[in-house]
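> Okay, predicted coordinates and the sequence, questions at the end:
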Amino acid sequence: MTIISFDGLNRSGKGTQIFLLNQKLNKDYPIEIIRGDGSREGIGNPKYYDPPSEWWVDWQRNKEKSIGDWNQAYLKLKYENLNRISELPPETIFLMDRCYISRWFTVRQSHPDTILSEVYSKAEIIPHLYIILNPSKKTLLERCDLDDSEKRTFRKGVIENHYPLWGDVIRDAKKYLGDEMDILPSEDLFKTEREIENIVSHLIHEKK
């Protein structure tokens, strides 16, 4: 079993890169796309492992979410994913949309002194390779203009208020994780299938 995580702020390109890597690898490997942090729609989104869930539908309806609500969602995702991983053959490659690094970023917004090891120790799902997408603040805000009004307001708020914090998070995570973590600017164009394949090929061959 191999887990490759993609982390970055809203509109950094995580979903696009996961799609490209899935297109390339699913010809030779069993692939599962899962969410490691954030939320699910609860309506059976076929792009992810997203079985229908009334819990998630109700969670999405809550427009006044607190940090406690987001923490609860993270825990639910974690246990859903642990169950999914245990059900599938060991050669499966899991492409994870956000891991505990994104959780650490969210926690630090309200508890800035939280250290990475505190979140890591509770993660239980540890990626083998971390791909961090890190466009400039200007690029992220421009991409948010493609969203509907509700998402645009929320996502721009996160970027405007916490972009420096995200920089601190990935710098500190890089010190902790070293060569397991690859930071991609993704400034103008998303990485192609071939570029993404090259980034992870060494890991895949090591696991064979």
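Yes, it's here. Numbers count the residues shown, from 1 in each chain.
> got any ranges where the protein has weak pLDDT?
By pLDDT under 70, the weakly predicted segments of the chain are 185-208.
> tell me what the longest helix along it is packed against?
In the chain, with assignment by DSSP state H, the single longest helix is helix 149-177. Contacts defined by 3 or more Cβ pairs under 8 Å, 6 or more residues apart in numbering; DSSP states H and E place helix 149-177 against helix 100-110, helix 116-123, strand 129-133, helix 137-144, strand 181-184. (C-beta placed from N, C-alpha, C; glycine too.)
> tell me the contacts of the closest residue to T114 other than its chain neighbours?
In this structure, T114 finds its nearest non-sequential neighbour in V107, 5.0 Å apart by Cβ to Cβ, 6 or more residues apart in numbering. Residues in contact with V107 (Cβ atoms under 8 Å, 6 or more residues apart in numbering) are I67, N71, T114, V119.
> Now which of those residues would you call buried?
V119 (16 or more other Cβ atoms under 10 Å).
> Tabulate the contacts of V107 in a markdown table, adding columns for distance to G42.
A markdown table is the format used below for those (distance: Cβ to Cβ, whole Å):
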| residue | distance to G42 |
| --- | --- |
| I67 | 21 |
| N71 | 18 |
| T114 | 29 |
| V119 | 25 |
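> Tabulate the contacts of V107 (CSV), appending secondary structure and distance to N10.
Shown next, in CSV, are those (DSSP: H, G, I helix; E, B strand; the rest coil; distance: Cβ to Cβ, whole Å):
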residue, secondary structure, distance to N10
I67, helix, 17
N71, helix, 19
T114, coil, 21
V119, helix, 20
